[in-house]
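> One predicted model, sequence on top.
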Amino acid sequence: MKRTVWITGASRGIGAAAARAFARDGYQVAVNYLTQHEAAQALVQELCEAGVRAAAYSADVSDRSQVDQMLAQIEADLGGVDVLVNNAGIAIPLTRLVDYTEEKWDRVFRVNIKGMFHCTQAVLPGMTARHHGAIVNVSSIWGITGGPEEVPYSATKGAVVTMTRSLAKEVGPDGIRVNCVAPGIIDTDMNAWLTPEARETIYAATPLRRLGRAEEIAEAILFLGSDRASFITGQILSPNGGYVI
Ligand code: NAP
């Protein structure tokens, strides 16, 4: 029986790389996205042409009814979800807290944390019934160290860390593992705004002297989601090139 992974925010960046990694490992892949329909469809086509069962689902993870509909469709198409990767997330351009609007604050929390709550709560009954499942939450180094001009983003990513640890204790007895990947600075659309000077500053502060690649984060996500991590739960793995040690 093939395993199924549900990856939120998988049309591009880290989520798309995770979709490819799980597909190579033999999983059926449910690709969630918000608006980038063509990118999601192109990824699904690529996976299907490689012989993998995959499908794309447009849904806003911050909306509970859209999440419930998405999961019902995934279960109809691919069967029960064995691994949930809570990857969908947004960052707001660098802004001092004093200048934050309440609307932006709420949006970051709705997507980055409430979205994770919605998807996790939706999959738990099925995983509990099967007494088997893995959840991998995507945080950030800023959720560990805090990041200036990224206070709400950092606060959500810190909450991802504590949500991971709390839930791991709660659902471990149900056969469900919950872990977290907290990436460093990765070369995706989220960091497209970085100037050459800003990149140089990051390289200088990073022992490995470069940004990370989405594929490198995907490997960490795949490991924690797979049975290769069968005795690992409640842990935070931070692939960051040594930026945070
Ligand atoms: P990205 O390239 O900006 O891609 C974001 C993905 O999330 C896209 O697939 C997007 O869908 C989806 N998305 C956004 N809002 C959504 C919503 N409300 N509902 C469903 N999907 C939504 O981001 P990334 O750099 O790959 O980051 C992925 C995760 O890693 C995020 O949680 C981010 O915070 C975290 N992270 C990133 C870095 C980094 O340096 N890049 C570092 C640490 C942690 P559409 O394509 O349809 O818009």
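On my side now, so go ahead.

> ok, stretch 162-170 near the ligand or not?
No. Shown here: stretch 162-170 not in contact with the ligand (CB under 6 Å from any ligand atom), separated by at least 13.1 Å. The C-beta positions use only the backbone N, C-alpha and C, and glycine is treated the same way.

> Give me the buried positions along that stretch.
The neighbour-count criterion (16 or more other CB atoms under 10 Å) identifies 163, 164, 165, 167, 168 as the buried residues of stretch 162-170.

> and these as CSV, adding pLDDT?
Conversion of the buried residues of stretch 162-170 to CSV gives the following (pLDDT from 0 to 100):
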residue, pLDDT
163, 98
164, 99
165, 98
167, 99
168, 99
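
> Can you pick out the most distant pair from those residues?
163 and 168 (9.4 Å; CB to CB).

> How much space separates the residue most central in space within the chain from residue 15?
The centre of the chain sits closest to residue 87, judged by CA atoms, centre = their mean, with a distance of 1.5 Å. For residue 87, the distance to residue 15 (CB to CB, to the nearest Å) stands at 4 Å.

> so what's in contact with those two at the same time?
7, 8, 9 (CB atoms under 8 Å, 6 or more residues apart in numbering).

> hey, what's the first one bridged with?
In this case it means residue 7. Legend: beta-bridge partners of residue 7 under DSSP bridges are residue 31, residue 85.

> So it is in contact with residue 30, correct?
Yes. With contact defined as CB atoms under 8 Å, residue 7 reaches residue 30; the gap is 6.9 Å.

> that older thread, how much space between the residue nearest to the centre of the chain and residue 236?
Distance from residue 87 to residue 236, by CB to CB: 15 Å.

> can you map out the helices along this protein?
Using DSSP state H, the helices of the chain run over residues 13-24, 37-49, 64-78, 102-109, 115-130, 142-145, 151-171, 196-205, 214-225.

> how about the residues of this structure near the ligand?
Contact residues, the chain versus the ligand (CB under 6 Å from any ligand atom): 8-15, 32-36, 39, 60-62, 87-91, 111, 115, 138, 140, 183, 185-186, 188-191.

> And the buried ones among those residues, selectable in PyMOL?
To isolate the buried members of the residues of the chain next to the ligand in PyMOL, using 16+ other CB under 10 Å:
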select buried, resi 8+9+10+11+12+13+14+15+32+33+34+36+39+60+61+62+87+88+89+90+91+111+115+138+140+183+185+186+188+190
